[in-house]
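**Q** I'd like to go over a predicted model; first the sequence, then the structure.
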Amino acid sequence: MCRWLTYCGDPIYLDRMIFEAKNSLIHQSLNARLSHVTTNGDGFGVGWYAERNTPGTYRDILPAWNDANLRSIAHQIRSGLFFAHVRASTGTATSRSNCHPFSHGKWLFMHNGQIGGFCTLRRRIENMIPDRFYGQRRGGTDSEAIFLIAMGDIDNEGPVEAVRLALARITAEMDQAGIGEALRFAAALSDGHSLSVFRWSSDPLAPSVYYRHTATALIVVSEPIDDHADGWQALATNHVLTTRCGESAERPVIAAFDAGVRKAASLRRVEAELV
């Protein structure tokens with residue numbers, strides 16, 4: 001599974017989180033501690049907000065630890081809201097267009113998880129992307145598809161409800177097709193001012209998400225970037241964290257996030273496998 005982090009608060013240089021922390025994202029790309037996949041070398045990406053209304057992004061297919069340009073860029077760019085992601089592919093090609101974060105206009109999105117049975121459902125899921133956004137589909141990942149489906153509702157419904165509707169539609173399609181695999185979703189979504197972080201799964205195995213709020217920042221990660229265990233809080237399964245980002249992050253609001261429950265039979269199959 002992929003590893004990611006997002007920072008929201010007083011502006012800092014990106015390399016403080018990506019390279020300098022004891023269990024930095026670069027370290028996690030080589031040796032993740034809380035993932036069944038320890039190496040995340042199928043590309044990387046960073047996205048950041050600065051003085052413009054739209055984010056900048058840099059993505060490539062090299063392993064993050066082996067890209068000198070990433071180190072140079074992270075050393076020079078200073079931002080109060082940025083995303084960083086290292087990828088472990090769940091089946092789609094290792095290409096720049098499949099690397100996170102994905103962007104559209106002012107929105108930035110990254111994801112850890114997968115749509116169970118995506119190869120079987122890919123045509124149906126892509127049909128859920130509104131025509132006005134389908135031209136923005138550059139890669140072949142389920143993550144990008146979820147993002148573009150949510151974009152169809154985001155202006156009218158807001159980010160949390162738009163994501164909920166996207167996941168509900170996808171899980172309904174999975175049920176109709178008899179897919180027994182899970183949809184797992186740990187993701188971050190921002191417009192440069194607000195930040196929404198989701199931890200949800202249609203089975204009991206939601207990908208990990210941790211957060212830490214300080215006087216100057218909110219940091220959200222797939223796994224802690226240092227050994228101060230008492231400073232990190234796990235985001236509960238099937239919850240969403242929201243905040244506003246400015247010179248310092250507001251205290252996050254945590255709320256239940258119900259994206260629709262898979263059929264009981266599907267859940268029983270998964271639970272039986274866990275016994």
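**A** Right, received. Where do you want to start? Predicted model only: the values in this text are computed from it and were never measured.

**Q** Strands along the stretch 51-200 of the chain, start to end?
**A** Counting by DSSP state E, counting those that start in this stretch, the stretch 51-200 of the chain has strands at residues 56-60, 78-86, 102-104, 107-115, 183-190, 194-201.

**Q** Can you give the distance of the second one from its chain's centre?
**A** So that's strand 78-86. Its chain's C-alpha centre and that of strand 78-86 lie 12 Å apart, by Cα atoms, centre = their mean, to the nearest Å.

**Q** Can you tell me which helices and strands it packs against?
**A** Applying 3 or more Cβ pairs under 8 Å, 6 or more residues apart in numbering; DSSP states H and E, one finds that strand 78-86 contacts strand 3-13, helix 25-31, strand 44-49, strand 107-115, strand 183-190. In short, each C-beta sits where N, CA and C put it, glycine included.

**Q** ok so, going back, now for the strands of the stretch 51-200 of the chain, which one comes closest to residue 160?
**A** strand 194-201 (5.6 Å; Cβ to Cβ).

**Q** The helix or strand following that closest one pairs with which strands, and in what direction?
**A** Remark: after strand 194-201, the chain's next helix or strand is strand 210-213, criterion DSSP states H and E. According to DSSP bridges, strand 210-213 forms sheet pairs with strand 217-221 (antiparallel), strand 233-234 (antiparallel).

**Q** which one of those strands has the most crowded surroundings?
**A** Greatest average neighbour count among the strands paired with strand 210-213 goes to strand 217-221 (a mean of 23), per mean count of other Cβ atoms under 10 Å.

**Q** what residue ranges in the protein are flagged as low confidence?
**A** The chain contains residues with pLDDT under 70 at 1, 30-42, 88-94, 229, 261-275.

**Q** Residue 171 contacts residue 259, doesn't it?
**A** Yes: assessed by Cβ atoms under 8 Å, residue 171 is found in contact with residue 259 at 6.9 Å.

**Q** Can I get the helices and strands packed on strand 78-86 in CSV including mean neighbour count and distance to residue 222?
**A** Below are the helices and strands packed on strand 78-86 laid out as CSV (neighbours: other Cβ atoms under 10 Å; distance: least, Cβ to Cβ, whole Å):
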stretch, mean neighbour count, distance to residue 222
strand 3-13, 23, 4
helix 25-31, 21, 7
strand 44-49, 26, 13
strand 107-115, 25, 6
strand 183-190, 25, 7
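
**Q** Just put those in TSV and tack on distance to residue 71.
**A** Putting those into TSV (distance: least, Cβ to Cβ, whole Å) gives the following:
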stretch	distance to residue 71
strand 3-13	11
helix 25-31	9
strand 44-49	11
strand 107-115	20
strand 183-190	23
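
**Q** And these: which comes nearest residue 231?
**A** strand 3-13 (14.5 Å).

**Q** number of nearby residues for the nearest residue to residue 151 once chain neighbours are set aside?
**A** Once flanking residues are discounted, residue 151 sits nearest to residue 133: 5.0 Å by Cβ to Cβ, 6 or more residues apart in numbering. Burial measure for residue 133: 15 neighbouring residues, criterion other Cβ atoms under 10 Å.

**Q** you'd agree residue 133 is up against residue 153?
**A** No: using Cβ under 8 Å, residue 133 is not in contact with residue 153, being 10.8 Å away.

**Q** Which residues are in contact with the residue nearest to residue 151?
**A** With contact set as Cβ atoms under 8 Å, 6 or more residues apart in numbering, residue 133 has these partners: 104, 148, 151-152.

**Q** Kindly recompute the last result at 10 Å.
**A** 104, 147-152 (Cβ atoms under 10 Å, 6 or more residues apart in numbering).

**Q** Export these as TSV, with columns for neighbour count and distance to residue 4.
**A** Shown next, in TSV, are those (neighbours: other Cβ atoms under 10 Å; distance: Cβ to Cβ, whole Å):
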residue	neighbour count	distance to residue 4
104	17	18
147	30	14
148	23	19
149	23	20
150	28	17
151	22	20
152	19	24
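
**Q** Which members of the residues you listed define the maximum pairwise distance?
**A** 104 and 149 (11.8 Å).

**Q** Can you tell me how far the closest residue to residue 134 other than its chain neighbours is from residue 67?
**A** Closest residue to residue 134 apart from its sequence neighbours, by Cβ to Cβ, 6+ apart: residue 148 at 7.2 Å. Between residue 148 and residue 67 the distance is 27 Å, computed by Cβ to Cβ, to the nearest Å.
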